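Participant: Below are the sequence and a predicted model; questions follow.
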Amino acid sequence: MISVVIPVYNAEHSIKKLVRKIIEVFKGVEIEIILVNDDSPDNSHKECLEISDENKLKVNYIKLSKNVGEHNAIMAGLRYVEGDWALIMDDDFQNPPEEGLKLVQFALKNDYDIVYGDYEIKRHSLFRNFISKVNDLTANFILKKPKGLYLSSFKCIKKNLLKNIISYKGPFPYIDGLVLSATSKIGSIKTTHASRAAGKSGYSLSKLLKLYGNLATNFSTTPIHLFSVTGFIIALISGLYGIFIFLEKFLDPSTPIGYSSIVTTIVFFAGIQLIFLGLIGEYIGKILKNVNQEKQYNIELEKLRDGKK
C-alpha cells in the first residue's frame with residue numbers, strides 16, 4: 001500500500017481535483033490518502049469533509065486546531081500511515097500525481113529508504129527559489145547533506161525509515177534533518193514541477209526564517225562552534241591591535257588617543273556578544289519547550305476511512 005500524505009493550506013480550489021486525480025493515476029494500486037488541514041483560513045475544511053464523504057474507503061481527514069507549519073502538519077499525517085511507503089506531496093498540483101508514482105517505483109528498483117523529487121525546472125517565485133538556495137547551502141554546512149541532493153518537499157519514504165522519523169517527539173521537527181541523521185540510502189530522480197493550479201504559497205518570509213532557524217538550532221551545534229571560533233579570532237585580532245596601539249604610543253607619545261576607533265571597537269564587540277547571546281537564547285528556549293513537552297500539533301477533528309486500523 002502507498003499512503004499519500006498531503007498538508008492542506010489555502011487549497012479550497014485545488015484539493016478536490018487533486019484527490020480525484022491521485023485516485024485516477026493510482027488506479028490498480030492500493031492507496032490511502034491522508035489530508036492534514038493545517039488550520040487553513042479558507043474553505044479547505046469544507047472541501048476536505050466532502051472529499052472524505054465521497055471516498056470513504058481511501059481518504060483520511062485530519063484537522064489541526066492551530067496552524068503549526070508544514071513540517072509539523074506532515075508529522076501529524078505520517079503518524080496515520082499504514083502503507084509500505086509514504087508519498088508526501090503539495091496540495092496545489094505542483095507535484096503531478098504521475099510523478100509521485102515514479103518516485104515510488106524508482107525507490108523500489110534501487111532499494112532506497114527515501115527518494116526526493118529533483119525538479120528539472122522550479123516553478124516557484126524568484127524569492128522562494130532564492131530561499132531554497134539558502135536552505136540548500138545551510139543544509140550542506142549544518143546537516144552535512146550530500147552535495148547535489150535537493151531536499152524537496154516532494155518525496156517518498158519507506159516504512160522502516162518512517163518509524164524512525166515519527167519517533168521524534170520534539171516540538172520543532174525538521175523532517176529532512178531527521179532523514180539525514182537516520183539513513184544514507186537516499187536517492188533522487190528528476191521530476192516535473194508544475195505551475196501552481198490555484199492560490200499562493202503558504203510560506204511567508206517569517207515562516208521560512210523560522211523553518212531555517214529550526215534547521216540551524218534544532219539538529220546541530222555547528223552555530224555554537226562557529227561563534228566560538230569567531231570569538232577566538234576576534235579576541236586574537238583585538239589582542240594584536242592592542243599591542244599595536246601600545247607600541248605606537250610608546251614609540252611616539254604625541255600620538256593622539258583614537259576615541260572614535262575605541263568606541264567603534266566597543267560597539268562592534270557588543271554587537272557580536274548580543275548575536276551570540278541571542279543564539280544561546282534560541283537553544284535554551286528550545287530546551288525549555290522540550291522539557292515542558294510542548295506538542296508538535298493538536299488535533300481538532302479526525303475522520304478516518306472505513307477499515308482504518
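Facilitator: The structure has been received and is ready for your questions. Residues are numbered from 1 along each chain as shown.

Participant: so what's T217 scoring on pLDDT?
Facilitator: For T217, the pLDDT comes out at 63.

Participant: Equivalent analysis for the one 4 residues further on, please.
Facilitator: At T221, the pLDDT value in this model is 62.

Participant: Equivalent analysis for Q105, please.
Facilitator: On the pLDDT scale, Q105 gets 93.

Participant: Just give me the neighbour total for it.
Facilitator: 13 (other C-beta atoms under 10 Å). (C-beta placed from N, C-alpha, C; glycine too.)

Participant: So what does it look like in phi/psi?
Facilitator: Per-residue torsions, Q105: phi -60, psi -40 (degrees, to the nearest 10).

Participant: could you pull out the strands for this protein?
Facilitator: 2-8, 31-37, 59-64, 85-88, 114-119, 155-158, 186-191, 299-303 (DSSP state E).

Participant: now these as CSV including distance to V229?
Facilitator: Listed next are the strands of the chain as CSV, based on distance: least, C-beta to C-beta, whole Å:
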stretch, distance to V229
strand 2-8, 38
strand 31-37, 41
strand 59-64, 41
strand 85-88, 37
strand 114-119, 32
strand 155-158, 34
strand 186-191, 29
strand 299-303, 44
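
Participant: Make a markdown table from those and add mean pLDDT and distance to L103 to it.
Facilitator: Shown next, in a markdown table, are the strands of the chain (pLDDT from 0 to 100; distance: least, C-beta to C-beta, whole Å):
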| stretch | mean pLDDT | distance to L103 |
| --- | --- | --- |
| strand 2-8 | 96 | 10 |
| strand 31-37 | 97 | 14 |
| strand 59-64 | 96 | 21 |
| strand 85-88 | 97 | 7 |
| strand 114-119 | 93 | 5 |
| strand 155-158 | 96 | 4 |
| strand 186-191 | 94 | 7 |
| strand 299-303 | 94 | 27 |
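
Participant: remind me which residues of the stretch 1-150 of the chain are low pLDDT?
Facilitator: Residues of the stretch 1-150 of the chain meeting the criterion pLDDT under 70: 123-125, 127-129, 131-132, 135.

Participant: returning to that earlier point: adding mean neighbour count and distance to D53, write the strands of the chain out as TSV.
Facilitator: Below are those laid out as TSV (neighbours: other C-beta atoms under 10 Å; distance: least, C-beta to C-beta, whole Å):
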stretch	mean neighbour count	distance to D53
strand 2-8	27	16
strand 31-37	25	12
strand 59-64	23	9
strand 85-88	26	23
strand 114-119	23	31
strand 155-158	25	28
strand 186-191	18	31
strand 299-303	14	9
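
Participant: Might one say that P97 is in contact with I22?
Facilitator: Yes. Shown here, P97 and I22 form a contact pair, counting by C-beta atoms under 8 Å, at 4.6 Å.

Participant: Look at those two and report which has more neighbours.
Facilitator: Neighbours were counted for P97 and for I22 using other C-beta under 10 Å; I22 has more, 24 against 20.

Participant: Verify the contact between the more buried one and I2 for me.
Facilitator: No. With contact taken as C-beta under 8 Å, I22 and I2 are classed as non-touching, separated by 9.8 Å.

Participant: list residues touching both of those two?
Facilitator: Contact criterion C-beta atoms under 8 Å, 6 or more residues apart in numbering; residues shared by I22 and I2: I31.

Participant: Now do the helices in the stretch 1-150 of the chain.
Facilitator: Taking DSSP state H, counting those that start in this stretch as the criterion, the stretch 1-150 of the chain contains helices spanning 15-25, 44-54, 70-78, 97-110, 126-142.

Participant: of all those, which gets the most neighbours per residue?
Facilitator: Highest mean neighbour count of these: helix 70-78, a mean of 22 (counted as mean count of other C-beta atoms under 10 Å).

Participant: Run through who's touching that helix.
Facilitator: Residues from elsewhere that reach helix 70-78, judged by C-beta under 8 Å, 6+ apart: 5-7, 9, 34-36, 38, 62, 64, 86, 88, 153, 157, 162, 165-166, 168, 173-175, 202-203, 211, 214, 296-297, 299.

Participant: returning to what we had before: out of the helices of the stretch 1-150 of the chain, nearest to L304?
Facilitator: Proximity to L304, assessed across the helices of the stretch 1-150 of the chain by C-beta to C-beta, is greatest for helix 44-54 (8.8 Å).

Participant: What is that closest one packed up against?
Facilitator: helix 15-25, strand 31-37, strand 59-64 (3 or more C-beta pairs under 8 Å, 6 or more residues apart in numbering; DSSP states H and E).

Participant: Make TSV out of the ones you listed and add distance to I262.
Facilitator: Below are the helices and strands packed on helix 44-54 laid out as TSV (distance: least, C-beta to C-beta, whole Å):
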stretch	distance to I262
helix 15-25	62
strand 31-37	57
strand 59-64	54
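
Participant: rewinding a little: and the strands of the chain: which comes nearest I287?
Facilitator: With C-beta to C-beta as the yardstick, what comes closest out of the strands of the chain is strand 59-64 (24.7 Å).
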